[in-house]
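[1] no sequence on this one, just coordinates:
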């Protein structure tokens, strides 16, 4: 798949700088819900940061804060009690699930409920007696989305079978359309595919059934872009992403520009056409890249991208 790395260059926005702007007191009921992790940003003591995510949910009840995660090593559950020590601050105490006996020392976190999103910030404690290095984590910011009512149990989803490797997990749900199949390539090991993914969360790479008549799409790459930061992406944030995307396409051609999507084409020297569409799904910037041969492939690429976007939006209700 011929995708220029610069075609999905940094969308770095100023969202993180104003991450806590507008913090205000929430009612306890606003916090009590099931929240699914969307993005975690770890800030280091040398000023750098890196992004991660996992298949995790937090179930917050009136008297318990329960975190559940799934990984290649199995499932884990951490049960804590909590108390509000300030309008935007919680103190958590991990406990034994069966006896309720405390475990370890309490920790505190700042939080803000912003509509359907929960934003959390917490400092990373250094082990007693450990030397403080510039590359050590200092602070963590995260965004989680409220699990829609009726979506089922508050639990991790488990393996989607759409990707391999240990790169961070996207919270987006994608049911593969008929006639398509996942291409299981680890982006950390592939010199061509890896740069296209970059720091984004890979949802999947998909190949079209070559037997489908009149379909010129060969591959579709779906990414959950982390560069806007651990914030809900709504109209204002997505408008900034659209402007940034447009400014980074001097070699390409914008073929659609709407409040909730922007799309463009690039044609490489080997006559490979890449159609890229940015859309807003569940407060995330999603990039869908569809590739085919020659300009005549554009209608097919547009149909393929629209099909995957529709699947992602349907999955947002799960």
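    Ah, there it is. On a predicted model such as this, the values are computed, not experimentally measured, just so you know. Numbering: from 1, shown residues only.
[2] what about residue 289, distance to residue 149?
    Note on residue 289: its distance to residue 149, by C-beta to C-beta, to the nearest Å, is 34 Å. Every residue, glycine included, has its C-beta placed from N, CA and C.
[3] who's more crowded, the two?
    Between residue 289 and residue 149, residue 289 has the larger neighbour count (other C-beta atoms under 10 Å), namely 22 against 7.
[4] could you find the closest non-adjacent residue to the more buried one?
    residue 221 (4.3 Å; C-beta to C-beta, 6 or more residues apart in numbering).
[5] next one: residue 286
    Spatial nearest neighbour of residue 286, excluding adjacent residues (C-beta to C-beta, 6+ apart): residue 279 at 5.2 Å.
[6] now do the contacts for the one you found.
    Residues near residue 279 by C-beta atoms under 8 Å, 6 or more residues apart in numbering: 260, 261, 285, 286, 288, 309, 312.
[7] among those, which ones are buried?
    Neighbour counting with 16 or more other C-beta atoms under 10 Å marks 261, 285, 286, 288, 309, 312 as buried within the contacts of residue 279.
[8] I'd assumed residue 286 was in contact with the fifth one.
    Yes - proximity of residue 309 to residue 286 meets the contact threshold set by C-beta atoms under 8 Å, at 7.3 Å.
[9] can you confirm residue 222 is in a strand?
    Yes - applying DSSP: H, G, I helix; E, B strand; the rest coil, one finds residue 222 inside a strand.
[10] in the sheet, who's paired with it?
    Taking DSSP bridges as the rule, residue 222 bridges to residue 204, residue 288.
[11] where exactly do the helices run in the chain?
    28-31, 193-197, 235-247, 298-315 (DSSP state H).
[12] okay if I get those as TSV plus mean pLDDT?
    Formatted as TSV, these follow (pLDDT from 0 to 100):
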stretch	mean pLDDT
helix 28-31	81
helix 193-197	91
helix 235-247	92
helix 298-315	95
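[13] of those, which approaches residue 180 most closely?
    Closest approach to residue 180 among the helices of the chain (C-beta to C-beta): helix 298-315, 8.4 Å.
[14] pull out the buried residues from the closest one.
    For helix 298-315, by 16+ other C-beta under 10 Å, it's 298, 300-302, 304-309, 311-313, 315.
[15] go on, stretch 36-47?
    Of the residues in stretch 36-47, 36, 37, 38, 39, 40, 41, 42, 43, 44 count as buried by neighbour count, 16+ other C-beta under 10 Å.
[16] which one of the residues you listed is nearest to residue 234?
    Closest to residue 234, out of all of those and judged by C-beta to C-beta, is residue 38, at 13.3 Å.
[17] which strands and helices sit next to the longest strand along the chain?
    Longest strand in the chain, counting residues (DSSP state E): strand 74-86. With contacts taken as 3 or more C-beta pairs under 8 Å, 6 or more residues apart in numbering; DSSP states H and E, strand 74-86 sits against strand 65-71, strand 89-94.
[18] what angle do that strand and strand 89-94 make?
    Interaxial angle, strand 74-86 versus strand 89-94 (axes from the mean of the first three to the mean of the last three C-alpha atoms, to 10 degrees): 140 degrees.
[19] what's the offset of strand 74-86 from the middle of its chain?
    23 Å (C-alpha atoms, centre = their mean, to the nearest Å).
[20] please apply the same query to stretch 207-226.
    Relative to its chain's centre, stretch 207-226 lies at 21 Å (C-alpha atoms, centre = their mean).
[21] state the mean pLDDT of that stretch.
    The average pLDDT within stretch 207-226 is 86.
[22] ends of that stretch, what's the gap?
    Stretch 207-226 stretches 24 Å from its first residue to its last (C-alpha to C-alpha, to the nearest Å).
[23] in that stretch, what's buried?
    The neighbour-count check on stretch 207-226 (16+ other C-beta under 10 Å) flags 208, 215-226 as buried.
[24] just stretch 81-91 next, same as before
    Applying 16+ other C-beta under 10 Å to stretch 81-91 flags 82, 88, 90 as buried.
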